[in-house]
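[1] how would this look folded up:
(one chain, ligands or ions: 3)
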Amino acid sequence: MISVEKALQTVLNSTQNFGVEEIPFIKSFGRILKEEITADRDFPPFNRVSMDGIAVDFNEFSSRLRSNKQLSFNIEGIQAAGSKQITLKNSENCIEVMTGAVLPNNTNSVIRYEDVTIENGVATINIDAINDGQNIHIKGKDGAVGDILIPQNTKISAAEIGVLATVGKSFVKVAKQPKVMIVSTGDELVGVDEIPLEHQIRRSNVFTLVSLLERLNIPSETAHITDDKQVLKSKIESYLQEYDVLLFSGAVSKGKFDFLPEVLDELGVEKLFHTVAQRPGKPFWMGTTKTCTVFAFPGNPISTFVNCLAYFYPWYYKSVGLELNEETAILGEDVTFKPNLTYFLQVKLEREKGFLTAFPILGNGSGDLASLVKTDAFIQLPSDKIEFKKGEVYPIVSYR
Ligand SMILES: Nc1nc2c(c(=O)[nH]1)N[C@H]1C(S)=C(S)[C@@H](COP(=O)(O)OP(=O)(O)OC[C@H]3O[C@@H](n4cnc5c(N)ncnc54)[C@H](O)[C@@H]3O)O[C@H]1N2
Ligand code: MOO
Ligand SMILES: [Mg+2]
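    Ligands and ions are numbered 1, 2, ... in the order given. This is a model prediction of the structure:
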């Protein structure tokens, strides 16, 4: 048996590189960027008018103000957004300009319509102070051509999608997703659409795993294998050839029909560890071949669930180059836990005065999958303590 810390270290030392693929940018939400995105032109690419109004020459405005002349300007033309830049021919005049338009040549300040009265083609300014360059979004102010706008290894959100669009990146390089097979085992398990007999239950773990992977945008396939050693062996043999990752749930403990560890061993999967000093999820088995990583989670639903979050998630993040950000929360109640095991305790998270606080909710052990609905996360209480006090801070793995 190894500690949670050692198990996680082992998991992180056996990450995989899934390669890179180029996909349409609009399909890249949630994926990990595998190239730098640079500005293809200045941001904004021209002096952009930022208020609807009139554009004037600031010097002309100032000199009239100094000599108490009328602040009336003949309107020479209109500069609309999407039109080529026009030029103010006579600096005593002005040009009407629209937000998003190029600032006309020979003008350098924009006065809002709200501060102007327009009559018979003449705009009279109703304010007696303007700033040189006002209401103009200067070319290159947000970024210069060639600037890095999005660094490599960024997780693509709506913000990045907008930037990809604006620089014309219709195709973008992202980390390939692993090819994953999720397998449940057990003779007691029937399909979701079936009516279980007295001694049977519907299988649920594969579907929670599919959904936990969907949170990472990883597609997956599923299969179910009965507790038959030969069938297990022949199916797994072909899965090992075909997939980057196999996630199992069940058949890793001490039961007569828990064949998985020996089958994986017979198929040449190198065991990295079996059983971790934790509750729940203790009989977790992990191993690798040259091309495939195998996570065999204990079958109790909460064991499968927490181990996917605590081990597969960080393994995937590191594999695709994402930083691991440890989340923490304040324990909301005293907890006593005697066994010399790391305790992944189910908690409901609440924000109290801006701080994330974790309130323990005790279910009926690792088979009580309905209790997951009442909680949001697991708080990770270390094995070297027995008493955990309200107010102490510990890592959490959340799933909401
Ligand atoms: N003698 C011992 N017995 C057990 C130990 C032990 O240390 N010594 N460990 C216990 C712990 S802890 C766990 S966790 C389980 C792990 O068992 P397995 O990984 O072998 O899983 P199974 O025996 O196949 O199933 C356990 C339990 O989970 C249910 N299950 C399995 N798959 C699914 C699924 N896809 N959907 C819903 N439920 C599932 C299954 O029906 C069993 O009730 O072993 C303890 N025993
Ligand atoms: O490890 Mo088991 O998951 O405690 O129920
Ligand atoms: Mg078992």
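[2] Break the protein down into its structural domains.
    With domains defined by automatic domain parsing, the chain comprises 4-18+177-319, 20-43+141-175, 48-137, 327-398.
[3] To ligand 3, which of those domains lies closest?
    domain 4-18+177-319 (3.7 Å; CB to the ion). All C-beta spots, glycine's among them, are computed from the backbone N, C-alpha and C.
[4] anything in the closest one sitting right up against ligand 2?
    Yes: residues of domain 4-18+177-319 are located near ligand 2 by CB under 6 Å from any ligand atom, namely 279, 280, 281, 282, 298, 300, 303.
[5] Remind me which helix or strand the third one belongs to.
    Read it as residue 281. Taking DSSP states H and E as the definition, one finds residue 281 inside no helix or strand.
[6] just the domains of the chain: most buried one?
    For those, the largest average neighbour count (mean count of other CB atoms under 10 Å) is found in domain 4-18+177-319, namely a mean of 19.
[7] returning to what we had before: kindly reformat the domains of the chain as CSV containing mean pLDDT.
    Shown next, in CSV, are the domains of the chain (pLDDT from 0 to 100):
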stretch, mean pLDDT
domain 4-18+177-319, 97
domain 20-43+141-175, 97
domain 48-137, 97
domain 327-398, 96
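[8] so which of those gets nearest ligand 1?
    domain 4-18+177-319 (2.5 Å; CB to the nearest ligand atom).
[9] What residues does the protein have near ligand 1?
    Contact residues, the chain versus ligand 1 (CB under 6 Å from any ligand atom): 184-186, 188-189, 201, 203-206, 249-255, 258, 280, 282-283, 298-301, 303, 366-367.
[10] repeat that for 8 Å
    Residues of the chain lying close to ligand 1 (CB under 8 Å from any ligand atom) are 184-186, 188-189, 201-206, 224, 227, 249-255, 257-258, 260, 275, 279-283, 296-301, 303-304, 366-367, 369.
[11] taking the residues you listed one by one, which sit in strands?
    Using DSSP state E, the subset of the residues of the chain next to ligand 1 located in strands is 184, 185, 189, 201, 202, 224, 249, 279, 296, 297.
[12] Enumerate every residue touching residue 321.
    By CB atoms under 8 Å, 6 or more residues apart in numbering, the residues touching residue 321 are 32, 34, 152, 153, 175.
[13] Would you convert those residues into CSV that also reports secondary structure and distance to residue 74?
    Formatted as CSV, the contacts of residue 321 follow (DSSP: H, G, I helix; E, B strand; the rest coil; distance: CB to CB, whole Å):
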residue, secondary structure, distance to residue 74
32, strand, 57
34, coil, 56
152, coil, 54
153, coil, 56
175, strand, 60
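[14] and the residues you listed as a markdown table, adding distance to residue 398?
    Putting these into a markdown table (distance: CB to CB, whole Å) gives the following:
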| residue | distance to residue 398 |
| --- | --- |
| 32 | 20 |
| 34 | 27 |
| 152 | 27 |
| 153 | 22 |
| 175 | 23 |
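[15] Pretty sure residue 279 sits against residue 344.
    Yes: the pair residue 279 / residue 344 is scored as a contact, 7.0 Å apart, by CB atoms under 8 Å.
[16] re the thing from before, how about the ones in strands among the residues of the chain next to ligand 1, which pair is most distant?
    The two members of these with the most space between them (CB to CB) are 224 and 279, at 26.8 Å.
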